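Here is a sequence with its predicted model. Questions after.
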Amino acid sequence: MIRVLVVDDDFMVAKVHSGFVSRTAGFTVVGVAHTGSDALRMVTELRPDLVLLDIYLPDIDGLTVLRRIRTSGAVQTDVIVISAANDVDTIRGTMHGGVLHYLIKPFTYGALYDQLQHFATLHSKLRALTQAGQGDVDQVFGSRPRGAAPLPKGLTAQTAELVARVLRSAETDMSAADCATAAALSRVSARRYLEHFTDTGRAEVRLRYGGTGRPERRYRWINE
């Protein structure tokens, strides 16, 4: 299991983010911190594999926490920043601090899921290597996950997350009608979201041919 420390000053937001992590296979939340000082203490005590770090903290800002994690030398942990801060200086500062990614609040579970899966892939690959060739290095640094594409007009992030969750949890591919039933949506609405995921490379579609008429479109989420 990949061990995650969630850092956010808002108790409810921290609970939501912890829930996102806990429902992702292969990940577990080992601690939750609401201040920068608690985050630094828990990083040292718990030695998590990954920290989900907020920038706006009541005592020590997230950039300072990041710098202290990096300069301590005692703990090797990776960091994904999750914050409402969208100014360029903050983003540049986190890049210099070596974060894996920066998610701007609010975001869907799917956006965090993609980053967690990307981290799991890197984590597994690096643990399996004792020495790396250039091809291994290129894979590690080049295998960035796709960001969540902007939704077309008329689609909402909440419903997109619902459809994605239904498709992601399906044991086999689904038709638009199947997805609509599971998500309690109309078939037309489900189809629009499914086609959006297909167009942006997050799902794939295959055609099932019957006896007569047009073939049925069947959708499957692409696990990265």
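Right, received. Where do you want to start?

how close does the residue lying closest to residue 190 once chain neighbours are set aside sit to residue 191?
Distance criterion CB to CB, 6 or more residues apart in numbering; nearest residue to residue 190, sequence neighbours excluded, is residue 180 at 3.9 Å. C-beta coordinates here come from the backbone N, C-alpha and C atoms, glycine included. Distance of residue 180 to residue 191, given as CB to CB, to the nearest Å: 8 Å.

Residue 22 too?
For residue 22, the distance to residue 191 equals 31 Å [CB to CB].

what about the residue nearest the centre of the chain, helix or strand, and which?
Note on the chain: the residue nearest the mean C-alpha position is residue 112, at 1.8 Å, using CA atoms, centre = their mean. Element membership of residue 112, judged by DSSP states H and E, is helix 109-128.

Just name whatever secondary elements that helix is in contact with.
Helix 109-128 is packed against strand 2-7, helix 11-22, strand 78-83, strand 101-104, helix 134-142, helix 157-169, with contacts defined by 3 or more CB pairs under 8 Å, 6 or more residues apart in numbering; DSSP states H and E.

right, so of those, which gets closest to residue 202?
Counting by CB to CB, residue 202 lies closest to helix 157-169 out of those; the figure is 7.5 Å.

Next, format the helices and strands packed on helix 109-128 as JSON lines and append mean pLDDT and distance to residue 37.
Output for the helices and strands packed on helix 109-128, formatted as JSON lines (pLDDT from 0 to 100; distance: least, CB to CB, whole Å):
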{"stretch": "strand 2-7", "mean pLDDT": "96", "distance to residue 37": "11"}
{"stretch": "helix 11-22", "mean pLDDT": "93", "distance to residue 37": "16"}
{"stretch": "strand 78-83", "mean pLDDT": "94", "distance to residue 37": "17"}
{"stretch": "strand 101-104", "mean pLDDT": "90", "distance to residue 37": "23"}
{"stretch": "helix 134-142", "mean pLDDT": "63", "distance to residue 37": "33"}
{"stretch": "helix 157-169", "mean pLDDT": "87", "distance to residue 37": "33"}
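
Figure out which of those is closest to residue 125.
Using CB to CB, the helices and strands packed on helix 109-128 put helix 134-142 closest to residue 125, at 6.4 Å.

Which of the three states applies to residue 29?
Three-state call for residue 29 (DSSP: H, G, I helix; E, B strand; the rest coil): strand.

contacting residues around it?
By CB atoms under 8 Å, 6 or more residues apart in numbering, residue 29 lies in contact with 4, 5, 6, 18, 21, 22.

ditto for residue 167
Contacts for residue 167 were tallied using CB under 8 Å, 6+ apart; they are 174, 179, 194, 197, 203, 219, 220, 221.

Apply 6 Å and report the result again.
Residue 167 makes contacts with residue 221, as judged by CB atoms under 6 Å, 6 or more residues apart in numbering.
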